[in-house]
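Asks: Next comes the sequence, and after it the predicted model I'd like to discuss.
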Protein chains: 2
Amino acid sequence: MTTKAIITGGAGFLGQRLAAALLERGRLRGPDGRERELTRLTLLDLQHSERMSDPRLVYSGGDIADAALLESLIDDQTHSVFHLAAVVSGMAEADFNLGMRVNVDASRLLLDVCRARGHRPRLVFTSSVAVYGGTLPEIVQESFALAPQTSYGTQKAIVELLVSDYSRRGFIDGRSLRLPTIAVRPGRPNAAASSFASGIIREPLNGKEAICPVDRDARLWLMSPSTVVACLVAAHEIPADSLGSSRALNLPGISVSVGDMAAALARVAGEDVAARISWERDPRIERMVASWPGACDASRARALAFPSDDSFDAIIRQYMQEHVSISRGPAS
Amino acid sequence: MTTKAIITGGAGFLGQRLAAALLERGRLRGPDGRERELTRLTLLDLQHSERMSDPRLVYSGGDIADAALLESLIDDQTHSVFHLAAVVSGMAEADFNLGMRVNVDASRLLLDVCRARGHRPRLVFTSSVAVYGGTLPEIVQESFALAPQTSYGTQKAIVELLVSDYSRRGFIDGRSLRLPTIAVRPGRPNAAASSFASGIIREPLNGKEAICPVDRDARLWLMSPSTVVACLVAAHEIPADSLGSSRALNLPGISVSVGDMAAALARVAGEDVAARISWERDPRIERMVASWPGACDASRARALAFPSDDSFDAIIRQYMQEHVSISRGPAS
């Protein structure tokens, strides 16, 4: 038995890592719960710059809001859909229409294409802790109301609701994961309000200055890229009935203050590296970050054996191993 | 200073009562918080059968999903929008596409027409306790997560999210009210899963048999029609900053078991009347009703001085005064 998979946002940082993980794994569970050989993996994104070489890979360049394109890419053998494509938080706040079009309308189109095929694929949707907002308890339970204070969070919450209802009705077999802030991302800063959470580690490690736009006390709920990818695969592989009536899961991140992050950087890479962080508060970013939870209860994901990170020190070391060519010891 | 208002779903039972209340009141607060004289009240619905006679009334027959129609009805003097139009719960469950089109797409269209005008009207949206679902505590707090188990509840929850985000961005000044089940509705049974909550009182009072599709233990969160209308007006009139960051409010209903409702009917109208209820469980309706809260915390609405009903006995008496021509005393 064979199967096909598609990753929307497949050229993105997470999409690329997920693709590599799925190809390496080579198998995914089908609708009957049994493992099948992955024979085709389609990566959909606006454009593709890097291309991995694997006969199973299909690169599709196009707009996820294009119905005909989605219909051409998803057939009744496409049993696995990883829906990662999104307009990031800062962009969705700056351009409301764009956020609605991509984050809501294109997501719904994707769900409807899956529904029309009638083969009930497993669909893993990357939601975000930005669905939470307002006055939050110190540790946010999954039973806590979603009151997003950003358009991005609103759009993610809407798609969570759709994924749950489409699943309940048997149109798809969906799973929404509320991703923590991902750090450390390689590459360049992006328009996500959380971009600094990677920047204040990545830039200093690469010999550059970084500006931190929030206070040292600001608390983030974080997860490393490789752990996020492992969670996406785990979410795909668990049986639907282990989720009960709720299709949305908080992932087991770690809760770290921005001051702790800087201290971890000093411990792992040296005081001189950490000194490259300068602190300049930006009220626009502070407001968005303050509306997100600093810690979430993820006992359901833990009970389902989802992986998590050991510490922020370990996350920095992971980044250095993968991306920093000349490893630096602590300052002597 | 004058103002205009529109009621979507204006031919419906609630729309008609709200229209009468607004005309009687004659004044509504404008964007500056000051009262203005209501000079035009537009009732939009697919069709209008009864027509009240008032020079301020405009009847518009058409589809709320028609953008050109909405644009023609809402101008920058339309400072008040009461959005009641919806496909009811049983219908939205039976016809998924219709529910999405009316309950989600038309609502979003309405928000976008208001946004395009740029005058930030007050918009009162009738949401529902059906936004709640899953395993619920005995009394559901406003901070409790929305996990609707019906497509209707999902669609209402999505629009709540949009109303909050459009308000946060300053496109509208929205207020979403989570309406309890409304009883006693006059007229005929409809496709709402909660239709029986009125039917088991109304039909026996009109000399007819009624079937109750849920167990006596099933608990409902109820409000009378006149109290709901008073709450819609109250929601319009309160200042936006009294709502804080959350634009959705639980209304102060009363929590009654179906057995209590039958007992109240016997007390108010006689044992012989109550004996016209027969009990035949319908799993499809039971499942939907069981997913709704039996009681909600409405302390925020109470603090804002929203009205509530005294008892279910009083609700039955209200219905009898308004709709039952030959009043019946208790059986002797």
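Replies: In hand now; what should we look at?
Asks: Would you mark the buried spots in the lowest-mean-pLDDT helix or strand in chain A?
Replies: Least confident element among the helices and strands of chain A, by mean pLDDT, DSSP states H and E: helix A:283-290 (a mean of 89). Going by neighbour count (16 or more other CB atoms under 10 Å in any protein chain shown), the buried part of helix A:283-290 is A:285, A:288-290. Bear in mind the C-beta positions are built from the backbone N, C-alpha and C, glycine included.
Asks: and if you look at stretch A:128-145?
Replies: A:128-134, A:136, A:140-145.
Asks: follow-up on the earlier one: any part of the helix or strand just after the least confident helix or strand of chain A near chain B?
Replies: Using DSSP states H and E, the helix or strand that follows helix A:283-290 in sequence is helix A:299-303. No: Helix A:299-303 does not reach chain B (CB under 8 Å from any CB of the partner chain); its nearest approach is 12.4 Å.
Asks: chain center to the very next helix or strand once past helix A:299-303: distance?
Replies: With elements assigned by DSSP H and E, the helix or strand that comes after helix A:299-303 is helix A:312-323. Put simply, helix A:312-323 sits 18 Å off its chain's centre (CA atoms, centre = their mean, to the nearest Å).
Asks: Next, A:Ala106: phi, psi?
Replies: Dihedral pair for A:Ala106: phi -70, psi -30, per degrees, to the nearest 10.
Asks: what residues are up against it?
Replies: Residues near A:Ala106 by CB atoms under 8 Å, 6 or more residues apart in numbering or on different chains: A:63-65, A:85.
Asks: hmm, 7 Å instead?
Replies: Counting by CB atoms under 7 Å, 6 or more residues apart in numbering or on different chains, A:Ala106 makes contact with A:64-65, A:85.
Asks: Read off the pLDDT value for it.
Replies: If you check A:Ala106, the pLDDT there is 98.
Asks: Next, find the distance separating it from chain B.
Replies: 15 Å (CB to the nearest CB, to the nearest Å).
Asks: Check A:Ser151 too.
Replies: Going from A:Ser151 to chain B by CB to the nearest CB gives 6 Å.
Asks: again, but for A:Ala295
Replies: As defined by CB to the nearest CB, A:Ala295 lies at a distance of 17 Å from chain B.
Asks: Spit out the contact partners of that residue.
Replies: A:Ala295 sits next to A:138-140, A:219, A:221, A:255 when contact means CB under 7 Å, 6+ apart.
Asks: now with 10 Å?
Replies: For A:Ala295, the contacting residues are A:129, A:136-140, A:180, A:219-221, A:250, A:253-256, by CB atoms under 10 Å, 6 or more residues apart in numbering or on different chains.
Asks: Next, the contact list for the residue in the stretch 201-332 of chain A that chain B sits nearest to, please.
Replies: Per CB to the nearest CB, A:Ser245 is where the stretch 201-332 of chain A lies closest to chain B, at 4.8 Å. Shown in contact with A:Ser245 (CB under 10 Å, 6+ apart): A:164, A:167-168, B:133-135, B:147, B:149, B:291.
Asks: quick one: which of the residues you listed is nearest A:Thr3?
Replies: A:Ser167 (19.0 Å; CB to CB).
Asks: part of a strand, is the closest one?
Replies: No: counting by DSSP: H, G, I helix; E, B strand; the rest coil, A:Ser167 is not found in a strand; it is helix.
Asks: what about the residue nearest to it when sequence neighbours are not counted, is that helix, strand or coil?
Replies: Leaving aside its chain neighbours, A:Ser167 sits nearest to A:Gly174 (4.3 Å; criterion: CB to CB, 6 or more residues apart in numbering or on different chains). Three-state assignment for A:Gly174 (three-state DSSP): strand.
Asks: what's the spacing between A:Gly174 and B:Met261?
Replies: Computed as CB to CB, to the nearest Å, the A:Gly174 to B:Met261 distance reads 37 Å.
Asks: hang on, the earlier thing: which of the contacts of A:Ala106 are close to chain B?
Replies: Applying CB under 10 Å from any CB of the partner chain, the subset of the contacts of A:Ala106 adjacent to chain B is empty.
Asks: which of the residues you listed count as buried?
Replies: By neighbour count, with 16+ other CB under 10 Å, these hold A:64-65, A:85 as buried.
Asks: now, which of those sits nearest B:Gln321?
Replies: Nearest to B:Gln321 among the buried ones among the contacts of A:Ala106, counting by CB to CB, is A:Ala65 at 54.7 Å.
Asks: Find the helix or strand that the closest one is a member of.
Replies: Residue-wise, A:Ala65 maps onto no helix or strand under DSSP H and E.
Asks: Name all residues that make contact with it.
Replies: A:85, A:101-102, A:105-110.
Asks: Selection in PyMOL covering whichever of those are buried, please.
Replies: The buried subset of these, as determined by 16+ other CB under 10 Å, is captured in PyMOL by this line:
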select buried, chain A and resi 85+101+102+106+107+108+109+110
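Asks: Output the contacts of A:Ala65 in TSV, with secondary structure and distance to B:Val268 appended to each entry.
Replies: Below are these laid out as TSV (DSSP: H, G, I helix; E, B strand; the rest coil; distance: CB to CB, whole Å):
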residue	secondary structure	distance to B:Val268
A:Ala85	coil	58
A:Arg101	helix	54
A:Val102	helix	56
A:Asp105	helix	51
A:Ala106	helix	54
A:Ser107	helix	50
A:Arg108	helix	47
A:Leu109	helix	52
A:Leu110	helix	53
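Asks: With distance to B:Leu44 added, can I get the contacts of A:Ala65 in CSV?
Replies: Formatted as CSV, these follow (distance: CB to CB, whole Å):
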residue, distance to B:Leu44
A:Ala85, 36
A:Arg101, 27
A:Val102, 31
A:Asp105, 25
A:Ala106, 30
A:Ser107, 30
A:Arg108, 25
A:Leu109, 28
A:Leu110, 32
